[in-house]
Structure formats: structure tokens, C-alpha cells
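Participant: everything below, folded, please.
(2 chains)
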Amino acid sequence: MSSTASNIVTSPARQNRVTLRKTVVSCLALTIALLLSIVLMSLIGSEQLPARASLCALASFGTSSCGLTRDQFDILFQIRLPRILLAAAVGGSLATAGAAYQALLRNPLAEPYLLGISNGAAVGTMIALIFFGASEWTRPFLAFTGALLATLAVYRLARGRAGATPERLVLAGVIVTTFLSSVIVFVTTLMDATRIRSFTFWLLGDLSGTSRTLLPVAITITIVGALALTLNARSLNLLMLGERDAFDLGVEVGRVRVVVFVVASLLVGSSVAASGSVGYVGLVVPHLARLSLGSDNRISIPAAALGGALFVIVADTVARTIIAPRELPVGAITALIGAPLFIYLLKRA
Amino acid sequence: MSLPAHVDRVISLAPNLTEIVFAVGGGNRLVGRTSYCDYPPEAKAVAEIGDTLHPSLERIIALRPQVVLISTASQLEIFTQQLQNQNIAVFVTDPHDLTGVFRSIGQVGEILGQQQQATLVVQKLRDRTNAVEQAVKQKPLVRVFYQLSAEPLYTAGHDAFVTDLIRRAGAISVTAAVPGAWPKYSNESALAAKPEAIILPTGGSMGAGNSNVTEALRQSPAALAGRVYKINDDHLVRPGPRAVDGLEEMAKALHPDAFDK
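Facilitator: This next block holds a predicted model:
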């Protein structure tokens, strides 16, 4: 990691151009794969739709029904496609946030779910549901507030006199996670029985309740957030050398930290408000991105954003079809894929 | 485990069983109930032993019951074992249809030595059930979607006892063949099923949370025709005597013309 980083520090303009080309090529490839997966996964679901007509309707962006019946058209455009787009936004958000936390905190285990940041967002969403149930807008807002507070708590707890060591960070994450889990248990007692059932499913990460109001919000935040963090990727590269070294090299450490905390909390908040806590995405996807494309954040952050979208789209397709017409929560699938993959990655590393 | 000849201390671990105990005239012998057991109103005077999923074993033992009534086999086997170690008999019932409910009423009556009253109660319930079934017999079957909750979408599957109630009310649940009792259901399959009516169990002890049709079904034939019926959830999810109230309410909502005399 340090050799790559020092290459970047001393990199001449040519090296920058190489990096740029590598970024563009890998992002282009991932974007194509993402678009393909959106189209292909739109053809799969608990209801069988005619493939040719569906492709034709998708290609027309929904302006032509291409012979689909009214119900088939609604299934494709009102239910399946919005859910796939939400999966992309959630996956992109969580993977980007994970990649940024890992770079800023110099810790490969920093992940929104494992640090308790998802739980912070979940508490915020619960409060919004209980006290402002009618207004959907309060959900991402309070989820963001919860995520930010949890981030600050973990960061303050992890920072000892000797700085934030990886071990302290993970321990702080465990403390914040378990504390917030008990807050969640307490808050559920304020809910009525119907809500509790919905909520426990939601906590595991579930994309079935795709909201028309929140979908555009989630997509916008994902794109803006991923761009904002990519623009700070050079500073994050330098920060991987250590905060003091980065400061000496001209990085405004405090500003970068604030940007990452706020943007990552926004990403986690909007995805948790829309879909609950989908775990392991922020861990597995950035690791895969770094393993295949190197640890330069200018490549790995945008690659994680696109790869995360791809990963959750595929995981959710499994969740909604494997026992159709019944469904599983997508969080169960990401953990099922994520945990073994993570163990494999750790052993290889 | 054999039952004592005369049972005068009994604990119920489910609201439907509490209702049955009172219906057969054994309410004065109920010494413990769950926090969900809110009917009949007299039940609230009985000591609470926790909720259905987390009963307090200590409190149960302290109340010295001779029999503990449990509604499904879902409760931990270890728990049952611990009760039996204390010489407390356990009666488990898990009705999947109305016939099963009537059988449970008979069995609880027998345990409490109230056979006569139990038989009477069952006879009355049977008569009301037959009356409903007669009234809707000639009516075309209505295709019903049972929305247990909207987000995420839960419905009643093959093993749910309400699926049998829907059938008796002159309708057919579009999810009657789905495995399990309360499956989480695919939005697109719900839309594709094109239900003609939607039942929303709501307004009872589960609260009023489930009072809007899920987004995927807003354009369904049922919603467009205004055939969305809210029915007290306590009458539909508790396999007890009031299930027949639920049956009557559903049948009248689905086939109003069969009853207006």
C-alpha cells in the first residue's frame, strides 16, 4: 500500500495520465456491466414477462408498450425497474462510503455496517417513522443525522492519545453498534405490532418498499456523493500515508475529514432510510475493487460505486426470485455472499 | 402427562386461548395470561406473565398452574420441557382452519370440565358458520388478496387459518397455495394476481398501521372498484370464538347482496 502511495506522491504528469486512463477504462467497463445488469435483471422476477417485448419497452424508455399488457407494463416499470434502480443506489452508496472510510481511517475493516453507522441511520429512520410517519422526507434527513452522530461517536471513541489505531477503531465500532442495537430494541417497544414486523424485516435490509418519493433522492445522493468523494481521492491517497505526512504534503486534513464524514453519512443515511441495513456491501466491494484495480482511490472509489450497484442488483434479484412468489431480505443474501468472500479475501491477502 | 381430575388453575399463553377459556366459562380459573390477551375485558384483571414469545417462566411457576395452554408449537421445546419438569401439564393447539378452532374449544372445555358449555358454544358458532356458508353458496367466488402489512408486503399463505375463513366467506385467496402461514410476498406477483377485493386486517389490537392498500395494488381491479375492506384484525388473526365474527364481517363485505334481507 505504501509503495503505491509513494508512487503517487512522486508521480510525474505522465503517471497521472496513466491513472486517468485506467480510471476511465475501468469505469467505462463497469458502467457497461451495470447498464447490462439493469436490463437483464429487469427480465427476471417472480412473474414471467415476455423477454423480447420487455426489451423493446425498456429500449423505448417506457414510451411504447411493445405489446406488453397493462399489468406486464406496470410490473416492469412501476415495480421491477424502480426496485432495481434503488438497489443500484443503495449498493453504490454503501460501497462508496465503505471505500472512503477505509481510506480516511486507514483501516480495511472500516465499513458502515460494522462501525455502527448503519445502526445510527436506522435509529434516525425509526424516530422519523414513529414521530413523523406521514412525511417521507424526514426519513433520509434523520437517518443522515443519525449516521453522522454515530460516525462522530466512533471517531471520538477511537482516537486515543496515540491517534486512532485500527484496533481501537474496530472496538469503538463494536461498542457503538451494540449500544445502538439496544436503542433499536427499546424504540421498537414504542411501535405497534404491525410496525414491528415490518421493521424487523426492514432492519435486515429490504428493497421491496421502494418509495417513489425517495428513489430520486437516493439516486441523486449516490451520484453526487460518489463524485464528491472521487474528487477528494488524491487527498485520501496521501492520507493513507498517515495524517501528519499528509498534512506536511499540503493536505487540509481537517477539511477532508469533514467532507468524508458528511458525504459518507449522507450516502449511508439515504440508503438506510430507503432499504434498511444491507450489510457487507461496503466491505466486500471496495476490497474487490482494490484487489483488481490497485489501491489508488482515484480508481477504487468510483469503481466501488459502480461495483456496489452491480453487486446489490444481483443480490436483490436472488432475494426476490429464489423462493418466489415469496421473498427474502436482500441483506441476508449480501451477507451470505459477502461473509465467505470476505474470509477468502482475508486469507489471500 | 396426565391431567388432574379437577383443573382450577390454568394459564393461557395466547389471546385466542384466553378467549376460548372465557367462552367455555372457565375465566374464573385463569390465573395468568399474556400482555396480548385483552379480550374479554375481564381478562385484563388476570395476572400478566409476559408476551406470547417471551413468557416469564418464573412468574408462571410462581402462579402454580396445573395446565398451561399454548397456541402453536412455535414455542420452544425447552420451555415446554421446563414446565413439565415442574409437573405442569402443557396443552398445545395449532388450528389451521375453523374446524380446528372448534376442536380446540372442545378440548379446552374438556380440560376445564366444561364440556357442556363448550359443546353449546361450538354448536352456536357452527350454526352461524353454516348460515354464512348457505348465504354465499350461490354467489360467484371473489378473488381476494389478504394484506397483512403493506411495507414490506405480507400476506396469508396456505397454512394461515384466515385462508380457510376467506374460502368459507364465498371467496378465494389468491395466495392460498403459497407455502407457510404468513409469507412475505412479491409486489409484482400481487399485481399480476389481479385481486377483485382486498382485505385489510386493521384497527384491532395490532393498531391502525395497516389501513392503506400497498402501492403495487393501487391500480388493481379491487382498488379501482373500491372493494377494499377493513376488518378488525383481532377477528381474523386469532383462531378463537371471534373468528366467526370475522367470517360474518368478511362475507357481508364481499357479498352484501347475500345478506340484505
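
Participant: and A:Arg14, how far from A:Leu241?
Facilitator: 22 Å (Cβ to Cβ, to the nearest Å). For every residue, glycine as well, the C-beta is placed using N, CA and C.

Participant: specify which residue of those two has the higher count of neighbours.
Facilitator: More crowded of A:Arg14 and A:Leu241, by other Cβ atoms under 10 Å in any protein chain shown: A:Leu241, with 19 against 8.

Participant: so where does that one fall, helix or strand?
Facilitator: Using DSSP states H and E, A:Leu241 falls within no helix or strand.

Participant: so what's the residue count around B:Gln138?
Facilitator: If you count neighbours by other Cβ under 10 Å, B:Gln138 ends up with 9.

Participant: now do the contacts for residue 173.
Facilitator: You didn't pick a chain, so chain A it is. A:110, A:114-116, A:154, A:158 (Cβ atoms under 8 Å, 6 or more residues apart in numbering or on different chains).

Participant: the intended chain is chain B.
Facilitator: By Cβ under 8 Å, 6+ apart, the contact set of B:Ser173 is B:144-146, B:156, B:162-163, B:166-167.

Participant: what bridges to it?
Facilitator: B:Val144 (DSSP bridges).

Participant: and the pLDDT at it?
Facilitator: Looking at B:Ser173, its pLDDT stands at 96.

Participant: same deal with A:Leu345?
Facilitator: pLDDT, read off for A:Leu345, is 65.

Participant: likewise A:Leu28?
Facilitator: Each residue has a pLDDT score; the one for A:Leu28 is 95.

Participant: so which helix or strand takes in it?
Facilitator: Short version, using DSSP H and E: A:Leu28 is in helix A:13-42.

Participant: then A:Asp71?
Facilitator: Counting by DSSP H and E, A:Asp71 is found in helix A:70-74.

Participant: buried residues in that helix, which are they?
Facilitator: For helix A:70-74, burial by neighbour count (16 or more other Cβ atoms under 10 Å in any protein chain shown) applies to A:71-74.

Participant: and for stretch B:116-124?
Facilitator: Result for stretch B:116-124 [16+ other Cβ under 10 Å]: buried residues B:117-118, B:121-122.

Participant: residues contacting it, please?
Facilitator: With contact meaning Cβ under 8 Å, 6+ apart, stretch B:116-124 is reached by B:23-25, B:102, B:105-106, B:108-110, B:241.

Participant: overlap between these and the residues near chain A?
Facilitator: Near chain A, taking Cβ under 8 Å from any Cβ of the partner chain as the test, no member of those is found.

Participant: of those - the most surrounded one?
Facilitator: In terms of neighbour count, B:Ile105 stands highest of the contacts of stretch B:116-124 at 29 neighbours, by other Cβ under 10 Å.

Participant: neighbours of A:Ala339, how many?
Facilitator: A:Ala339 is flanked by 14 other residues according to other Cβ under 10 Å.

Participant: starting at the chain centroid, how far to the strand or helix carrying it?
Facilitator: Assigned by DSSP H and E, A:Ala339 belongs to helix A:330-348. Mean-position distance between helix A:330-348 and its chain equals 15 Å (Cα atoms, centre = their mean, to the nearest Å).

Participant: and stretch A:314-326, by the same measure?
Facilitator: The chain centre lies 20 Å from the centre of stretch A:314-326; the measure is Cα atoms, centre = their mean.

Participant: could you dump it to PDB, C-alpha only?
Facilitator: Provided in PDB are the C-alpha atoms of stretch A:314-326 (Å, rounded to 0.1, in the frame of the first residue of the first chain):
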ATOM      1  CA  VAL A 314     -27.600  -9.100  -8.500                       C
ATOM      2  CA  ALA A 315     -28.100  -9.900  -4.800                       C
ATOM      3  CA  ASP A 316     -31.600  -8.500  -4.800                       C
ATOM      4  CA  THR A 317     -32.600 -10.400  -7.900                       C
ATOM      5  CA  VAL A 318     -31.700 -13.500  -6.000                       C
ATOM      6  CA  ALA A 319     -33.600 -12.300  -2.900                       C
ATOM      7  CA  ARG A 320     -36.800 -11.600  -4.900                       C
ATOM      8  CA  THR A 321     -36.800 -14.800  -7.100                       C
ATOM      9  CA  ILE A 322     -35.200 -17.700  -5.300                       C
ATOM     10  CA  ILE A 323     -38.300 -18.600  -3.300                       C
ATOM     11  CA  ALA A 324     -40.800 -16.700  -5.500                       C
ATOM     12  CA  PRO A 325     -43.500 -15.600  -5.000                       C
ATOM     13  CA  ARG A 326     -42.200 -15.300  -1.500                       C
END
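
Participant: would you mark the buried spots in it?
Facilitator: The neighbour-count check on stretch A:314-326 (16+ other Cβ under 10 Å) flags A:314-321, A:323-326 as buried.

Participant: redo those residues as a markdown table? Include distance to chain B, pLDDT and secondary structure.
Facilitator: Shown next, in a markdown table, are the buried residues of stretch A:314-326 (distance: Cβ to the nearest Cβ, whole Å; pLDDT from 0 to 100; DSSP: H, G, I helix; E, B strand; the rest coil):
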| residue | distance to chain B | pLDDT | secondary structure |
| --- | --- | --- | --- |
| A:Val314 | 17 | 95 | helix |
| A:Ala315 | 16 | 95 | helix |
| A:Asp316 | 12 | 95 | helix |
| A:Thr317 | 12 | 96 | helix |
| A:Val318 | 13 | 95 | helix |
| A:Ala319 | 10 | 93 | helix |
| A:Arg320 | 6 | 92 | helix |
| A:Thr321 | 9 | 92 | helix |
| A:Ile323 | 8 | 91 | coil |
| A:Ala324 | 6 | 85 | coil |
| A:Pro325 | 4 | 87 | coil |
| A:Arg326 | 4 | 90 | strand |
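
Participant: which one of the residues you listed is nearest to B:Leu69?
Facilitator: Nearest to B:Leu69, judged by Cβ to Cβ, of the buried residues of stretch A:314-326 is A:Arg326 at 30.7 Å.

Participant: partner residues bridging the closest one?
Facilitator: Taking DSSP bridges as the rule, A:Arg326 bridges to B:Tyr185.

Participant: quick check: which ranges of the chain have low pLDDT?
Facilitator: Chain wasn't specified; assuming chain A. Applying pLDDT under 70 to chain A flags residues A:1-12, A:134, A:161-166, A:192-198, A:342, A:345-346, A:348-349.

Participant: nope, chain B
Facilitator: Residues of chain B meeting the criterion pLDDT under 70: B:1-2, B:73-77, B:261.

Participant: tell me where it has helices.
Facilitator: B:15-23, B:57-62, B:77-85, B:98-111, B:115-136, B:161-168, B:187-192, B:221-224, B:233-237, B:243-254 (DSSP state H).

Participant: neighbours of the residue lying closest to A:Trp137 once chain neighbours are set aside, how many?
Facilitator: The shortest distance from A:Trp137 to any non-neighbouring residue, by Cβ to Cβ, 6 or more residues apart in numbering or on different chains, is to A:Thr213 (7.3 Å). Burial of A:Thr213 is recorded as 11 neighbouring residues (other Cβ under 10 Å).
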